[in-house]
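[1] Give me a 3D structure for the following:
(one chain, ligands or ions: 1)
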Amino acid sequence: MRIGRSRGAARWKPRFRVEETGGVRALLVKNPSSVFRIADVHPRDKVYRDQSLSYGSEYHVPVMVSEVLGYLNPARGGFYLDGTLGGGGHSEAILDASGSAFVIGVDRDPAALAEASRRLMGFGGRFRAVQGNYANAVQASELEPGSLAGVLLDLGISSRQVDEDARGFTFRSGAPLDMRMEGAAGFESAADLLNTMDEAELATIFWRYGEEKKSRRLARVIVEMREKQPLERSDDLSSAVDRVIPRATSQDRARIFQAVRIAVNDEITSLELALPSLRDALAAGGVFVVIAYHSLEDRLVKDSFREWSRECVCPPGLPVCVCRGAALGESLTRKPVMASPDEVELNPRARSARLRAWRKT
Ligand SMILES: C[S@@+](CC[C@H](N)C(=O)[O-])C[C@H]1O[C@@H](n2cnc3c(N)ncnc32)[C@H](O)[C@@H]1O
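    So this is what the prediction gives:
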């Protein structure tokens, strides 16, 4: 069997990768017809043809691409808003799926916007990039209410943002405490926040966004440290974690760093503002898909989709209904959709992803 690089633009480095587990060979295939003929594969070989991986790039591997396409159904055509453009993987999948689909891609991060714009250039006028917060996407993109066929939010940050130490999202040693999605153009960095916020506010961040049981102690330690010297590097926050959580694991560190990132970028407020505004921008029959990686965000999405799907939202005990009196739409996912075991095996980031979808009436 011949294995080699296929022709055409490189998407992600291991375009197809051969994996040997328990004597079974696994291949990642971008596009079976362009890479090699399936007929060449030995019957014992395991062939993955996961769309998420095929839309992956060295920048980021998007999760649950097939599921996203299944709910958004770009074959219907129309305008789709990708509020978290990142490396443009999901957007490309939408644009590839139908020649009558248009995508407006929004991201806070200028580097993501530049990367995705390069990648999607070939789609010409079917793709438009807008820099900003998805919470303001309706105004920034001058969207008419009721104009969108679909909205996608794939929350959090991309692999590239974590991989670049200078962006300061990582707990790897030596990285600056930055974490601003807008980069230098952003407001307060993680260091600014950790060095200026009062102890009670810090404790709330660790408790609320990091579910840290010793949140007050951690806040106290940070305040003690900064009285001697301001926190500047990932190592400073890591050593505060080490002083509070004996034998802290990388999951502990990731959880605390994530909590700070959520606070630096005010991520929960963005989502709270975006949900109703993007819902109103959907056309009748339009679909809202959200992929969350944090329980707080997932709960917000679940509660919103449930509330929008109720016929009456009047407070209990009112003799007559005085609210909208009709459901705004219906949830398409009773439970969150999770990535398949195959996808998680190949892209561990997909493990914590929870997808929910809702359709407007
Ligand atoms: C998980 S990545 C998205 C990856 C993307 N779906 C892909 O296929 O490459 C999340 C992206 O959303 C952006 N982002 C996060 N919160 C945002 C917000 N409130 N407004 C706009 N962009 C945001 C981040 O900068 C990051 O690039």
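[2] residues from the stretch 151-300 of the chain in reach of the ligand?
    Residues of the stretch 151-300 of the chain that fall close to the ligand, judged by Cβ under 6 Å from any ligand atom: Asp154, Gly156, Ile157, Ser158, Met181, Ser270. In this view, the C-beta of every residue, glycine as well, is placed from N, C-alpha and C.
[3] Return a PyMOL selection command for the buried portion of those residues.
    Applying 16 or more other Cβ atoms under 10 Å to these, the buried members can be selected in PyMOL as follows:
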select buried, resi 154+156+157+158+181+270
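[4] Of the residues of the stretch 151-300 of the chain next to the ligand, which belong to helices?
    Counting by DSSP state H, those place Ser270 in helices.
[5] Quickly check the residues of the stretch 151-300 of the chain next to the ligand for the two that are furthest apart.
    Within those, Ser158 and Ser270 form the most distant pair, 16.1 Å apart (Cβ to Cβ).
[6] now, which of the residues of the stretch 151-300 of the chain next to the ligand sits nearest Arg208?
    Comparing these against Arg208 with Cβ to Cβ places Ser270 closest, at 15.4 Å.
[7] How many residues are close by the residue nearest to Ile262 when sequence neighbours are not counted?
    Nearest residue to Ile262, sequence neighbours excluded (Cβ to Cβ, 6 or more residues apart in numbering): Tyr209, at 4.3 Å. Counted with other Cβ atoms under 10 Å, residues neighbouring Tyr209 total 22.
[8] from memory Tyr209 sits against Gln258, does it?
    Yes: with contact defined as Cβ atoms under 8 Å, Tyr209 counts as touching Gln258 (7.1 Å).
[9] list the residues that contact both of those two?
    The contact sets of Tyr209 and Gln258 overlap at His294 (Cβ atoms under 8 Å, 6 or more residues apart in numbering).
[10] Could you pull up the contacting residues of the closest residue in space to Leu332 that isn't next to it in sequence?
    Counting by Cβ to Cβ, 6+ apart, Leu332 lies nearest to Ala357, which is 4.1 Å off, once chain neighbours are set aside. Going by Cβ under 8 Å, 6+ apart, Ala357 touches Tyr71, Val287, Phe288, Val289, Val290, Ser331, Leu332, Thr333, Val337.
[11] Can you report phi and psi for Ser141?
    Main-chain dihedrals, Ser141, degrees, to the nearest 10: phi -100, psi 0.
[12] now the one 3 residues further on
    Reported as degrees, to the nearest 10, the phi and psi values for Glu144 are phi -80, psi 140.
[13] repeat for Val151
    Dihedral angles (degrees, to the nearest 10) for Val151: phi -130, psi 140.
[14] Which residues are in contact with it?
    Tyr80, Leu81, Gly83, Leu278, Ala281, Leu282, Gly286, Val287, Phe288, Val289 are the contacts of Val151 under Cβ under 8 Å, 6+ apart.
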